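Novice: okay, sequence plus prediction incoming.
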Amino acid sequence: MKATFPKTVTVKGIKGITATIYRQRQAKGAKTYTSYTLAYSLLGKLKRQTFADLDEAEQAGQEAITRIAGGEQSILELRSRDREQYQRAVEAVAPFKVTLDVAALEYADARTVLNGSGTLAEAARYFMRQHAKELPRISVSDAVKQCLAQCRADKKSPARMHQLEHYLAGFAKDMNVEVSELTPGIVSRYLTAMQAGERTKKNARDVIGYFGRWLVLHGYRERGADLVEGVQNYSMRPGEIQIFTPAEISKLIEQADARLLPYVVIGAFAGLRGAEIQRLDWAEIDLQDGFIEVKAETAKTEVRRLVPIKPNLAAWLKECAKKSGPVCPFANVVNQLVKLSKAAGVTWHKNALRHSAISYRVAECADVARVADESGNSPAIIRANYLRRVKPDLAAEWFNVMPAGAAEVLPMKQAAVS
């Protein structure tokens, strides 16, 4: 049926609202062009849109009538191209039951976070890969128990286990949440609130970082998660390095009883760590060949090393050495050392035995790398944390602190070791 103009557009079921289409013909040279103008009333004003196709004009008229009837007249004030974009956007977000303004705000936030490093779709795909499976739920306290049990099964050294137990127990006590709720911000605030020095906070940060990696490895946290990412670092700047003088070590040795003496002289003249001496067995002290074997499971660094026995140390150990058994029989040797220092009238300094041995040994042989190897540390750590520069003649005096009358009977096999 041939259309007649002006043509009235209506929508079935909607009464009282119509639109009108007018036809125009224009001649340009030998050709004639036809266009169709859609006209309707919006908010008391006449609106017109021009189309080259009659069907498009009719469809636009029907859409206008439907929206006017639905109370969305303001939408039709948009220009034709803008209106099409708006309609596509509304249709796109409709399945998610969110309004267009909320969708736009979320999109803007996501683009801000990405900061040009990728598209929103790429970020979403990466997120889904990381969260392809639901992570098991577990509290921090239970996860710590599992982590420590695993470390024991892996036969971590006693020193390492002590460190892990100490810091993770405190962390679990304060973190009454599930591991999925942990964030670097929480860890940062926890460390800041600790009533401790820089060194202690650094150790705590390192242990929590290890715990975070354990959580990822065992499937409790998503891959790539890092509990200490962006968390402040803490320095290891030591205070003044304290050492004993030859006169002071002589007083300490003089006051030490037979049970404590081996601990004192091994610390002072071989430089073993206090914890290493406490785990040392007499079977690991070879007075004949002149070396102390610090086994990997005994060493803090979990690396085996041989420490030379100086002639004066051999002299002190000769009379008390045993074939086997613990060198240090005290569970709490610190209390014994405090009592010893008071009896000797010498101010006690933590780690001063080891600091002294290393400082005098470096002065004696002028080889930091060699002493670092004997001590189980790197040269950089030796210089920064253990070494106090002393003169060689003072070192000679230190390593000549011997039992009365020992010079005549001491085997000279180690005399050349320097």
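Specialist: Noted; the coordinates are in hand.
Novice: hey, where'd the strands end up in this structure?
Specialist: Counting by DSSP state E, residue ranges of the strands within the chain are 7-11, 14-28, 31-42, 45-51, 285-286, 291-294, 305-308.
Novice: closest one to residue 386 among those?
Specialist: Proximity to residue 386 (CB to CB) singles out strand 305-308 among those, at 14.4 Å. Heads up, the C-betas are built off the backbone N, CA and C, glycines and all.
Novice: what's in contact with that closest one?
Specialist: 270-272, 290-294, 299, 373-376, 414, 417 (CB atoms under 8 Å, 6 or more residues apart in numbering).
Novice: quick one: it to chain centroid distance?
Specialist: 34 Å (CA atoms, centre = their mean, to the nearest Å).
Novice: stretch 322-342 too?
Specialist: Worked out by CA atoms, centre = their mean, stretch 322-342 lies 37 Å from the chain centre.
Novice: flag every buried residue along it.
Specialist: Residues of stretch 322-342 classed as buried: 327, 328, 333, 336, 337, 340, 341 (neighbour count, 16 or more other CB atoms under 10 Å).
Novice: roughly how far does the closest residue in space to residue 62 that isn't next to it in sequence sit from residue 47?
Specialist: Closest residue to residue 62 apart from its sequence neighbours, by CB to CB, 6 or more residues apart in numbering: residue 11 at 5.2 Å. Distance, residue 11 to residue 47, by CB to CB, to the nearest Å: 17 Å.
Novice: now do residue 8
Specialist: Where residue 47 is concerned, residue 8 sits at a distance of 16 Å (CB to CB).
Novice: quick revisit: in a markdown table, list the buried residues of stretch 322-342 along with distance to residue 393 and pLDDT.
Specialist: Output for those, formatted as a markdown table (distance: CB to CB, whole Å; pLDDT from 0 to 100):
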| residue | distance to residue 393 | pLDDT |
| --- | --- | --- |
| 327 | 31 | 93 |
| 328 | 32 | 92 |
| 333 | 32 | 90 |
| 336 | 32 | 92 |
| 337 | 28 | 92 |
| 340 | 27 | 94 |
| 341 | 26 | 93 |
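Novice: closest to residue 115 among the residues you listed?
Specialist: Nearest member of these to residue 115, counting by CB to CB, is residue 333, at 55.8 Å.
Novice: residues contacting that closest one?
Specialist: So residue 333 contacts 260, 263, 274, 278 (CB under 8 Å, 6+ apart).
Novice: thinking again about what came up before, looking at the buried residues of stretch 322-342, which are in helices?
Specialist: The helices, defined by DSSP state H, take in 333, 336, 337, 340, 341 from the buried residues of stretch 322-342.
Novice: for those residues, give me CSV that also has distance to residue 62.
Specialist: Formatted as CSV, these follow (distance: CB to CB, whole Å):
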residue, distance to residue 62
333, 94
336, 98
337, 96
340, 101
341, 99
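Novice: give the contact list for residue 66.
Specialist: By CB under 8 Å, 6+ apart, the neighbours of residue 66 are 11, 14.
Novice: repeat that for residue 235.
Specialist: 198, 202.
Novice: how about 7 Å then?
Specialist: residue 198 (CB atoms under 7 Å, 6 or more residues apart in numbering).
Novice: all good on my end, thank you.
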